[in-house]
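Chemist: Got a sequence here, can you model it:
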Amino acid sequence: EYTHMKLRAFCSIVACRLCRKLLRLLGRGGTDFPGRVALKLYPSLLAVMARGVTVILVTGTNGKTTTSRMIEQAFSDAGFRYFSNKSGANLLTGIIAVFAQYCSLSGKCRYTHALIECDEAAFRKASEFLPVECLVVNNIFRDQLDRYGEITHTLNAIREGITHIPDAVLCLNADCSLTASLAEKIPNRVVWFGVNVPIYTHAAHELSDAPYCIHCKTEYQYDYVTYGHLGGFHCPNCGYGRKTPSIAVTQILTAGADASDIVLDICGREYDVHVNLPGGYNIYNAAAAAAAAHVAGIDDETAVSALGQFECGFGRAEQFTLGKAQARMMLVKNPAGFNQVINLIAHDEGSYKLAFLLNDRFADGTDISWIWDVDFEALAEQQLAELEQTQLGQAEVLERVLTGTVDGNVFLLRGHYLVLEDAALERQFEVNQ
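Modeler: Purely as a prediction, here's the structure:
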């Protein structure tokens, strides 16, 4: 039986690696399909490869990639022997593929730690095979309706996954009423993180994804709101409310266009922290990363330093040069995330041009009706010399932006993103997506 298992593992890992190498030679990504092949050959392969590895897993709707990069910097600075799925392949097959990359052909992992970003829906299955020692759940928002359905489906998927890892320490967002409910009726130790103060002086107008108590359906009351449905919530009827976080942002010192400076309390000790990405959502990501680093045994000074030095993930406020233009890319996928970017743009006094690119392909969700819940009206007072949009479904985004902004702005409709790229190369301006 043991010999048969080792043979299956060997054949599956070899097949996975060969597929990956072939796809790379063909100029393809090779992050998902090799894992599909391995999963087909040996459904329990991930459990074999993950044996003896300390797994820190990050899931939730918004901020998984950025939080993972923050934790990764802390791992690197602490001298951990680790690997991660940095490519963003966060489904079960992608996780299998990355483990196969860092294991021997017999299935023995060469590293002590694995930092895994995991899709919310995929977590339910992945948790059956991974020996997760620390689970970070950033938040839960409405997202990709054609894939996830109602927000409670996402919540229940994560809740079911937690039942598979009773020994894991959970790092949960105390400010998210949905995420906080995951701590109920489980044996796991919970470490709470959150933001104790409002983030914005003037916040974007947003529809709450969770306005009513998850237990008794009474409307929540808030001492303050940070964004979306996050903040100091409590139910006036049944008493369900925000827990006091042990890792908490206690002051927002500056919130600029390129970075934020905060005061972060880690288990009673305060640190001045520089977060080298802008936006209130990245302040939450920093608190989540500090919580995970603390659970992983990394000293607080190393964790705090990492928050100001980490390399941002692809498209996460990423800056790059495009011809003569200095560009910044902001990836968004739901109203909550988009509204945070709108809020950032609306308070930026710099001169720039905007480009909206909407992807309606299967991987990112074919239902793009969510853009009607984005607060484009917050851009109405911005004096935009030119606002460009392109898509893979251009009519919807153009109609929405035109509905929400004022007359006088110039709109150029471009049918394909490569046309927009050519335009950027010809002229010198900053592009925000």
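Chemist: for the protein, which spans come out with low pLDDT?
Modeler: Flagging of the chain using pLDDT under 70 yields the residue ranges 1-2, 29-30, 144-149, 202-205, 313-317, 347-352, 361-366, 380-433.
Chemist: Where is the longest strand in it?
Modeler: Criterion DSSP state E: the longest strand present in the chain is strand 247-255.
Chemist: what's next to the next helix or strand along the chain from it, contact-wise?
Modeler: Using DSSP states H and E, the helix or strand that directly follows strand 247-255 along the chain is strand 260-266. Strand 260-266 is contacted from outside by 246-254, 270-275, 277-280, 282-283, 286-287, 290, 294, 300, 303-304, using Cβ atoms under 8 Å, 6 or more residues apart in numbering. Just so you know, the C-beta spots here come from the backbone N, C-alpha and C atoms, and that holds for glycine as well.
Chemist: List buried residues within those.
Modeler: By neighbour count, with 16 or more other Cβ atoms under 10 Å, the contacts of strand 260-266 hold 246-249, 252, 271, 273-275, 277-280, 282-283, 286-287, 290, 294, 300, 303-304 as buried.
Chemist: Narrow those residues to those in helices?
Modeler: G280, N282, I283, A286, A287, A290, H294, D300, A303, V304 (DSSP state H).
Chemist: Identify, from these, the entry nearest to N196.
Modeler: Distance to N196, by Cβ to Cβ, is smallest for A287 among these, at 10.1 Å.
Chemist: can you pull the contacts of that closest one?
Modeler: Residues counted as contacts of A287 (Cβ under 8 Å, 6+ apart) are F193, G194, V195, P245, I247, A248, V249, L264.
Chemist: Would you mind confirming that the third one is in contact with T226?
Modeler: Translated: V195. Yes - because the distance of 5.2 Å satisfies Cβ atoms under 8 Å, V195 is recorded as touching T226.
Chemist: partners of the longest strand of the chain in the sheet?
Modeler: strand 190-195 (parallel), strand 260-266 (antiparallel) (DSSP bridges).
Chemist: most tightly surrounded among these?
Modeler: strand 190-195 (a mean of 23; mean count of other Cβ atoms under 10 Å).
Chemist: Confirm I158 sits in a helix?
Modeler: Yes - according to DSSP: H, G, I helix; E, B strand; the rest coil, I158 belongs to a helix.
Chemist: Hmm, it is touching N138, no?
Modeler: No - I158 is beyond contact range of N138, at 10.8 Å (criterion: Cβ under 8 Å).
Chemist: before we move on, which element is M5 in?
Modeler: helix 2-25.
Chemist: With just CA atoms, put that helix into CSV.
Modeler: Extracted C-alpha coordinates of helix 2-25, given in CSV (Å, rounded to 0.1, in the frame of the first residue of the first chain):
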residue,chain,number,x,y,z
TYR,A,2,2.8,2.4,1.0
THR,A,3,4.8,1.6,-2.1
HIS,A,4,1.7,2.0,-4.3
MET,A,5,1.1,5.5,-2.8
LYS,A,6,4.7,6.6,-3.4
LEU,A,7,4.5,5.4,-7.0
ARG,A,8,1.3,7.3,-7.6
ALA,A,9,2.9,10.4,-6.0
PHE,A,10,6.0,10.1,-8.2
CYS,A,11,4.1,9.6,-11.4
SER,A,12,1.7,12.5,-10.6
ILE,A,13,4.6,14.9,-9.7
VAL,A,14,6.5,14.0,-12.8
ALA,A,15,3.4,14.5,-15.0
CYS,A,16,2.7,17.9,-13.3
ARG,A,17,6.3,19.1,-13.9
LEU,A,18,6.4,18.0,-17.5
CYS,A,19,3.1,19.7,-18.2
ARG,A,20,4.4,22.9,-16.6
LYS,A,21,7.7,22.8,-18.6
LEU,A,22,5.8,22.1,-21.9
LEU,A,23,3.4,25.0,-21.3
ARG,A,24,6.3,27.3,-20.5
LEU,A,25,8.0,26.3,-23.7
